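K.L.:
just need the structure, nothing else, for what follows:
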Amino acid sequence: MSVPADRRVSEQPMSVTIRRYVAIVRKRIWLVVAVLILGIGASIVYSLQAPKIYEATATVVVNPQAPHVNKDDEVIELGAGSFVYMRDYYNTQLEVLTSFPLARATVLQGSLTKFYDQLAPKDKYPDLTEDQRIDEAAENLLIDLAADQHKDSRIIALRVRNKDPDVAEALANAHVASYLAFIRNKRTIGTGQASELLSSELSVARKQLEETEARIATFKSLHGLVTQSFDDKQNTVVTELQRYTAALADAKVKRIDLAAQKGRAEALASEDVLDSPIFALSSDTQLVNQLKSEYMTARERFLEVDATYGPKSEEQRAAKDKVDALHLQLQNESKRVVREISERYEAALTAEQGYQALVDQRKHDTEELDKLYAEYAPLVRDEKYAEDQYTKLAGRLDDSRHESQNDLINVDPHEMARDADKVLPRIPLNIALAAVLSLMLGLGIVFLLDQMDRTIKTADGIDNVVGSPVLGIIPIVGETKKPKVDTDEAVAARDLFVFKHPTSQAAECCRSIRTNIIFSAAERPMKTITVSSARPREGKTTTTIYLGMAMAQGGQKVLLLDTDLRRPRLHKSLGVSRERGLTSILVGDAKYDDVIKATEVPDLFVLPCGPTPPNPAELLLTNRFKTVLHELSQRFDRVLLDSPPLLAVTDAVVLARNSDGVILVAKSNQTSIDDLVTASRQLHDVTASILGVVVNTLDISDRRYGYYYAAYGGYGGYGDTSKAEAR
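P.N.:
Alright, predicted model coming up:
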């Protein structure tokens, strides 16, 4: 009973499994190295090309409570609260320092575009309004902003990163200023002094607001925007442009349609009005139908009169005149149809041109409005800023009038940001991470390729896949490396290796296969055996020769029969002529003794294929071939048929059906499991007897597969272990 493949693997010791993984990696170590080199190279290139990022740090001292000013203007330092209060308070301050409102206040410090033009350039965000761009700049600042508290101290460090070290320093200091202003806004230094200061600032803000409002009023007066807002005028122009554009598209469609009708009408104008379909284009089909009806009636009357009174009668002339008159009316109607369509086409063309002029005019108006907006937007922005400042100051003044206590702020600047340090890119860290990730990726690819590889690598589990036992293995053999070109001499040397090296591992394996074949056929005659494979170049011919030599050396009289009538090779390996052979016997041109050749191996004979026939499969289906095969089995103890591949042609199926058993040859690292399953299914479909599978060219020096040698009949430790590949 065969052991399931998964159970065999599970029973292997851990050292074998580890060696197998090492062998898998070693087989494709070049791929791992390539991925590693590419990953490290990409990391180096990225690190060298990546923009340098600088970090500036500014610090402030934050006290849990602000000093209190008493009625005698004495400053009293207040104590701290509990541990929980301290922790929550400093966490709150860290949240405030990294909040969006404070970041927005920082980007608006100084002139209106000092920082947010650097953090959110207008060319990078062309579709955003000024307010949206300010918000975007604040969001970008938050990305590069961090705050943390020094351990066991009241110092909070504020860190800002930027590509420009000067900008990083300026932003850090500006953000500290915004934080101080935020704290200061929450504290007051006395109602009277604060009110006086805020009143002065409010007067300045009011004056600035009035000036901006006056500039906007002047702009509107100069450009006719007094009764209509800029947005309304712009919407009106855009709406009209859309309406005229749609009308222009409809006019173009109508003009193209009429142009087609006009061309068709002009082409049909020269045809006979009675047969022409031109009236299908007419707008008055009722008149046309009436004229045609009257014409047909008049023509019938004319034919009757002509037959009754003759061609020169008065009645005949009157009838003919009426027919001609109606025909002329039809011709005139045809011309009218052409003129009508031409007039409609000209009208459509004129309408299209008119709409085009309106669209061009509205596009020009849109461009002019865009130019005006470039002047108008800064005015609106200045007005909004002045209005916001005025509103804020008015609110603060109102709040200050309700303050009843003078408090000092509890935050003091500690160190200003200076000498920003470069923090990114971290080239050594990037290279180390790239090396680790690339190594993992390379190993993953190697193991994935190994899992995706459906070729047979060992003899393990084949019996479960094919449904037939594994007869044995044939290791890689040979005394020299495989030549780049398979010459006849090289092929013959490989095929005679077992005979030349009877103590080699390959010879021992072949003797083991011979024994397994004898045991598998102990209860039935096994005179004729077909040796085949799923695909070409999988070692079936070499296996046939090896098995024949092993059987002959065991005292049996063996015949190697070359039934590969398409690409025969036995004659090359055994050094005989193929001028006369099996096909000669089948057509009656030769006798057995004339074509059966002895080899240098005692008791081993060969029957070459002979001349290549035009119909190999039909020739093997004849009763004559069955007779020849039977007679050969009477002459020899074993007849081994070297057949074509099963999946290439149908010859092997025919041979398998006529023989006592079939041996399937699978080449390690080449034959796919799917091909082997398909080949065995074809044999089962014709009720052929599959003796088993022989795994060819197994590398027993590979630690992954070495133990299979002992499992399938080898003993190891002696003989030739050099490598060459058998076809």
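K.L.:
in the stretch 601-727 of the chain, where is pLDDT below threshold?
P.N.:
Within the stretch 601-727 of the chain, the stretches with pLDDT under 70 are 700-727.
K.L.:
could I get the full set of strands for it?
P.N.:
Shown for the stretch 601-727 of the chain, the strands assigned by DSSP state E, counting those that start in this stretch span residues 604-607, 638-642, 661-667, 690-698.
K.L.:
TSV for those strands, including distance to Asp360?
P.N.:
Where C-beta positions appear, they are placed from N, C-alpha and C, glycine not excepted. Output for the strands of the stretch 601-727 of the chain, formatted as TSV (distance: least, Cβ to Cβ, whole Å):
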stretch	distance to Asp360
strand 604-607	94
strand 638-642	86
strand 661-667	77
strand 690-698	80
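K.L.:
so which of those is nearest Thr455?
P.N.:
Taking Cβ to Cβ, strand 661-667 is the member of the strands of the stretch 601-727 of the chain nearest to Thr455, at 8.4 Å.
K.L.:
just want the most central residue of the chain.
P.N.:
By Cα atoms, centre = their mean, the chain has its centre lying nearest to Ile445, at 17.0 Å.
K.L.:
ok, that one - contacts?
P.N.:
Taking Cβ atoms under 8 Å, 6 or more residues apart in numbering, we find Ile445 in contact with 31, 35.
K.L.:
what about Leu379, neighbour count?
P.N.:
A count of nearby residues for Leu379, using other Cβ atoms under 10 Å, gives 17.
K.L.:
may I ask you to confirm that it belongs to a helix?
P.N.:
Yes - using DSSP: H, G, I helix; E, B strand; the rest coil, the secondary structure at Leu379 is a helix.
K.L.:
find the nearest non-adjacent residue to it, please.
P.N.:
Once flanking residues are discounted, Leu379 sits nearest to Ile216: 5.1 Å by Cβ to Cβ, 6 or more residues apart in numbering.
K.L.:
Ala34 too?
P.N.:
Excluding the flanking residues, the one nearest Ala34 by Cβ to Cβ, 6+ apart is Gly442, at 7.5 Å.
K.L.:
distance of the one you found from Val35?
P.N.:
Look at Gly442 and Val35: by Cβ to Cβ, to the nearest Å, they are 4 Å apart.
K.L.:
those two: which has the busier surroundings?
P.N.:
Between Gly442 and Val35, counting by other Cβ under 10 Å, Gly442 is the more crowded of the two (23 against 20).
K.L.:
mind listing what Ile545 touches?
P.N.:
Contact analysis of Ile545 by Cβ under 8 Å, 6+ apart lists 495-496, 498, 560, 570, 573-574.
K.L.:
please identify which of these is nearest to Asp257.
P.N.:
Ranked by distance to Asp257 (Cβ to Cβ), the contacts of Ile545 are led by Leu570 at 80.1 Å.
K.L.:
report how many residues lie close to the closest one.
P.N.:
27.
K.L.:
list the contacts of the residue nearest to it when sequence neighbours are not counted.
P.N.:
Once flanking residues are discounted, Leu570 sits nearest to Asp562: 4.0 Å by Cβ to Cβ, 6+ apart. By Cβ under 8 Å, 6+ apart, the contact list for Asp562 reads 568-571, 578, 581-582, 606-609, 642.
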